[in-house]
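Visitor: Sequence first, predicted model second:
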Amino acid sequence: MSGESNKGQPILGPAILLAGLLTLVFQWRAIDALPADWQALAWPVALVVIALLAGQLILRLIGAALKLPRLLKMLGKKTSHGSARWATKKDARRAGLHKGKGLFLGVHEARVIRYDNEAHTLVVAPTGAGKTVTFVMQQLLLLPESMLVTDMKGELAVQTAQYRRDQFGHRIVTIHPLPGSGLSEDAYNVCQIVLDALADSPQDAIADARAIALQLLRDPPQRDQNQHFRQGGRSAIVIAILGLAIRSPHECSLPHVQRMVTDVPVFLAMLQDLREESALAGDVAALAESLLACAESTPKEFQSFLNGAAQALAPYAPSGRLARLAGRCTFRFHDLKDPSQPMTIYIGGDMTRRAVFTEWIALLNWAAMVELQRSRSLLPVTMLLDEAANFGIEALPSMLTILRGYKVRVIIIVQEAEDLVRLYGREQTAVIRANCKVQVYFGNMSPETAERLQPVLGNETVEAPSFGLSTGPDFSLSENRGFVGRPLKTASELRQLEDGVQIVLIGNLPPFLCHAIGYHETWPQRGFVAPNPLYGPKRFKGDLKVCLWPMPLVFGAAARLLVPQVPNVWFKAAKILFMRSLLPSARLAMIAAAVCVLYAWGTPHLRVAYAFTGPREAPIYSWCDYLGWRSYRAAGPSCPLIVWRKSRT
């Protein structure tokens, strides 16, 4: 009970002082009723008492004012156990995400956010999360720069190629389009990189041939005992490419290389022919001599080398589906940097023949990165690698660092974060993530992805109140406030994110909790997209949520806030003071103050009936009836709406 009394004391003292001061100020007329000799003594005493009470009250108010900043600081945002928080509209505005240009990232606090920067992007979206309609299609419909799109199913080209041609004036290039789609059928010969090197910089020809062989016959993330045989297979591919490039440039393509390494007599004859080759400072002759020596000393090992090379080149056999796509060039990837003609390239595949097409798609993306680096142009280009977990690109981590310097943005889309580990190993995956300044995580993620994302979001400091119940006669309650740290989102909460919600990480900004908006919910883009051939002839449409023209507007469920608003610190302070007022001693002070007010001013009476003359704007009252503690009738001409009146005996 004593502790409870002490808690109420700060309110009790000022209340009693205020009540006493009000009583003396409003009852000074009572001194006039005293005899003259008493009045001479009463006035100085009253003035001294009023001064003392006023001084005490002022001192108490000053003390309360000095404590107020401490109270507000105590109730403010705490960071002792972690400073993580969700991004606000103010953060988005400062970062320039409301300017309406760049990568479309969804709706945040009823505003569309877009990131206008060449930073690489990592998108983690499980199967069925809606990444195609909410992310991939939005970029194809909104980004005007040249793009290279990995279109595994061929649906993106059919839906957006005509729009990008008409809206942005792009030249459309498609490799392996869907049958009957009406799109052009283009081809690319990766050996053209070696032919260019022989013509412009012969000192780089062998390095380029080795790079192609390394992409065709990649090492697994975990090196094994077969590395020696893979290296031998790569040497066979290199000498075959260089031999064709030097002796028969018009036949230098992967289908011809495949035919050569599978025909052992022809391959040996080429090696014999290259033994006397003087090109490239005799390096080609030295490589041919080395392979011939291996064939003579260890024929089984030599045959193993050829078998590895033949296995890597099997998809490019002249009878295969890739022969017509890899034997010639109808375009060059550095054309993406052509300022006079922007371009969109769709690289398609056949998911039912994944073993064939995934390696081909990886090779094309590698070749695109090489050509874009060597173009030396700073025109922006976006590479959209959809389903990137199905193919591995050699030296991708190091390429990401270089490409950004040439304004080439790479968007890597995978189903799970661990898919990259399977392709590149943990160390290289860490480098890829570090290079991706923008990361987007869709809901319904796996436990592994949720566990990895939880520490990235960080910890926040939250209140941990505790309550106590007194066993005294009044059963009073007590509350203690403490602070603890907790994850901004636990792994369980991340896995249970509602549909249509995504987490966006941008550089060193706080994480954004956003609504994922599909193209079919965006106007006017949804009217320009052709039907998806995999789902019938009708356009895909949904409830309108975002309007991007003539100005961005957000409707319906997309305008709902996903992060609960934190109460204002002044509201918290008022709440605490109100709770303090419920303590027994504070209630006593409030009752004492109310009694003093009633004694000094009386009780309120409300005017309920009246009679008047003159205009209603300036009435002259004849009489007025008042309802209150003791109702009465008052004479005019003035009748206020509320009158404070003391009770009369």
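Guide: Cool, the structure landed.

Visitor: Look up the pLDDT of residue 388 for me, please.
Guide: Residue 388 is assigned 91 on the pLDDT scale.

Visitor: same question, residue 32
Guide: 65.

Visitor: For this protein, which residue occupies the most central location?
Guide: Computing the C-alpha centroid of the chain and ranking residues by C-alpha atoms, centre = their mean puts residue 504 first, at 1.2 Å.

Visitor: Can you verify that one is assigned to a helix?
Guide: No - counting by DSSP: H, G, I helix; E, B strand; the rest coil, residue 504 is located in no helix; its state is strand.

Visitor: what's around the closest residue to it other than its chain neighbours, how many residues?
Guide: Counting by C-beta to C-beta, 6 or more residues apart in numbering, residue 512 is the residue found nearest to residue 504 once chain neighbours are left out, at 4.2 Å. Bear in mind the C-beta positions are built from the backbone N, C-alpha and C, glycine included. Counted by other C-beta atoms under 10 Å, the residues lying close to residue 512 total 25.

Visitor: before we move on, what about residue 299?
Guide: Neighbours of residue 299 (other C-beta under 10 Å): 11.

Visitor: ok, which stretches of the stretch 151-300 of the chain are helices?
Guide: 155-168, 192-200, 205-216, 227-247, 254-262, 264-274, 283-297, 299-313 (DSSP state H, counting those that start in this stretch).

Visitor: and what of the stretch 451-600 of the chain?
Guide: 491-495, 569-580, 584-601.

Visitor: ok, back up a step: the residue nearest to the centre of the chain pairs with what?
Guide: With DSSP bridges applied, residue 504 shows beta-bridge pairing to residue 440, residue 512.

Visitor: mind listing what it touches?
Guide: 105, 106, 108, 113, 438, 439, 440, 441, 511, 512, 514 (C-beta atoms under 8 Å, 6 or more residues apart in numbering).

Visitor: Give the phi and psi angles for the fifth one, as a check.
Guide: I take that to be residue 438. For residue 438, the backbone dihedrals are phi -110, psi 130 (criterion: degrees, to the nearest 10).

Visitor: can you check residue 314 too?
Guide: phi -60, psi -40.

Visitor: how near is it to residue 399?
Guide: 26 Å (C-beta to C-beta, to the nearest Å).

Visitor: So which of those two has more stuff around it?
Guide: Using other C-beta under 10 Å, the more surrounded residue of residue 314 and residue 399 is residue 399, with 20 against 15.

Visitor: Report the secondary structure state of that one.
Guide: helix.

Visitor: so it touches residue 369, yeah?
Guide: Yes - with contact defined as C-beta atoms under 8 Å, residue 399 reaches residue 369; the gap is 5.0 Å.

Visitor: intersection of neighbour lists for those two?
Guide: With C-beta under 8 Å, 6+ apart as the test, residue 399 and residue 369 both reach residue 393.

Visitor: thinking again about what came up before, can you lay out the helices of the stretch 151-300 of the chain as CSV showing mean pLDDT and distance to residue 362?
Guide: CSV is the format used below for the helices of the stretch 151-300 of the chain (pLDDT from 0 to 100; distance: least, C-beta to C-beta, whole Å):
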stretch, mean pLDDT, distance to residue 362
helix 155-168, 92, 18
helix 192-200, 95, 15
helix 205-216, 95, 7
helix 227-247, 93, 15
helix 254-262, 95, 13
helix 264-274, 94, 25
helix 283-297, 94, 25
helix 299-313, 94, 12
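
Visitor: So which of those helices is nearest residue 86?
Guide: Among those, the nearest to residue 86 by C-beta to C-beta is helix 155-168 (32.3 Å).

Visitor: Centre of the chain to that closest one, how far?
Guide: Put simply, helix 155-168 sits 27 Å off its chain's centre (C-alpha atoms, centre = their mean, to the nearest Å).

Visitor: May I see the buried residues of it?
Guide: Applying a neighbour-count criterion of 16 or more other C-beta atoms under 10 Å, one finds 155, 156, 157, 158, 159, 160, 161, 162, 163, 164 buried in helix 155-168.

Visitor: Which elements pack onto it?
Guide: On a contact count with 3 or more C-beta pairs under 8 Å, 6 or more residues apart in numbering; DSSP states H and E, helix 155-168 meets helix 137-142, strand 146-151, strand 171-175, strand 343-348.

Visitor: go again using 6 Å as the cut-off
Guide: strand 171-175 (3 or more C-beta pairs under 6 Å, 6 or more residues apart in numbering; DSSP states H and E).

Visitor: Touching the strand it packs on from outside, list them.
Guide: The contact list for strand 171-175 (C-beta atoms under 6 Å, 6 or more residues apart in numbering) reads 157, 161, 165, 183-184, 186, 325, 331, 341, 343-347.

Visitor: Can I get those in a markdown table including distance to residue 489?
Guide: Converted to a markdown table, these look like this (distance: C-beta to C-beta, whole Å):
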| residue | distance to residue 489 |
| --- | --- |
| 157 | 37 |
| 161 | 39 |
| 165 | 42 |
| 183 | 43 |
| 184 | 46 |
| 186 | 45 |
| 325 | 45 |
| 331 | 45 |
| 341 | 46 |
| 343 | 41 |
| 344 | 37 |
| 345 | 38 |
| 346 | 36 |
| 347 | 36 |
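
Visitor: Of the residues you listed, grab the buried ones for ChimeraX.
Guide: Buried residues among the contacts of strand 171-175 (16+ other C-beta under 10 Å), as a ChimeraX selection:
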select :157,161,183,186,325,331,343,344,345,346,347
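
Visitor: If we go by neighbour counts, what in the strand or helix carrying residue 427 is buried?
Guide: Using DSSP states H and E, residue 427 sits in helix 418-435. Neighbour counts over helix 418-435 (16+ other C-beta under 10 Å) mark 418, 419, 420, 421, 423, 424, 428, 429, 431, 432, 433, 435 as buried.

Visitor: so how far is residue 316 from residue 324?
Guide: 10 Å.

Visitor: Correction: the previous question concerned residue 540.
Guide: Where residue 316 is concerned, residue 540 sits at a distance of 36 Å (C-beta to C-beta).

Visitor: Give me the more crowded residue out of these two.
Guide: Using other C-beta under 10 Å as the criterion, residue 540 and residue 316 rank with residue 316 on top: 26 against 17.

Visitor: Disregarding residues adjacent in the polypeptide, which is nearest to the more buried one?
Guide: Closest residue in space to residue 316, ignoring its immediate chain neighbours: residue 254 at 4.0 Å, by C-beta to C-beta, 6+ apart.

Visitor: Might one say that the one you found is in contact with residue 315?
Guide: No - judged on C-beta atoms under 6 Å, residue 254 makes no contact with residue 315 at a distance of 8.7 Å.

Visitor: Take the helices of the stretch 151-300 of the chain and lay them out in CSV including distance to residue 120.
Guide: Shown next, in CSV, are those (distance: least, C-beta to C-beta, whole Å):
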stretch, distance to residue 120
helix 155-168, 20
helix 192-200, 23
helix 205-216, 20
helix 227-247, 28
helix 254-262, 29
helix 264-274, 41
helix 283-297, 36
helix 299-313, 28
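
Visitor: so which of those helices gets nearest residue 628?
Guide: Residue 628 lies closest, by C-beta to C-beta, to one member of the helices of the stretch 151-300 of the chain: helix 155-168, at 75.4 Å.

Visitor: Quick check: can you list the domain ranges of the chain?
Guide: As recorded under automatic domain parsing, the domains making up the chain are 1-77+581-601, 94-188+332-445+500-565, 189-329, 603-649.

Visitor: To residue 452, which of those lies closest?
Guide: Comparing the domains of the chain under C-beta to C-beta, the one sitting nearest is domain 94-188+332-445+500-565, at 5.7 Å.
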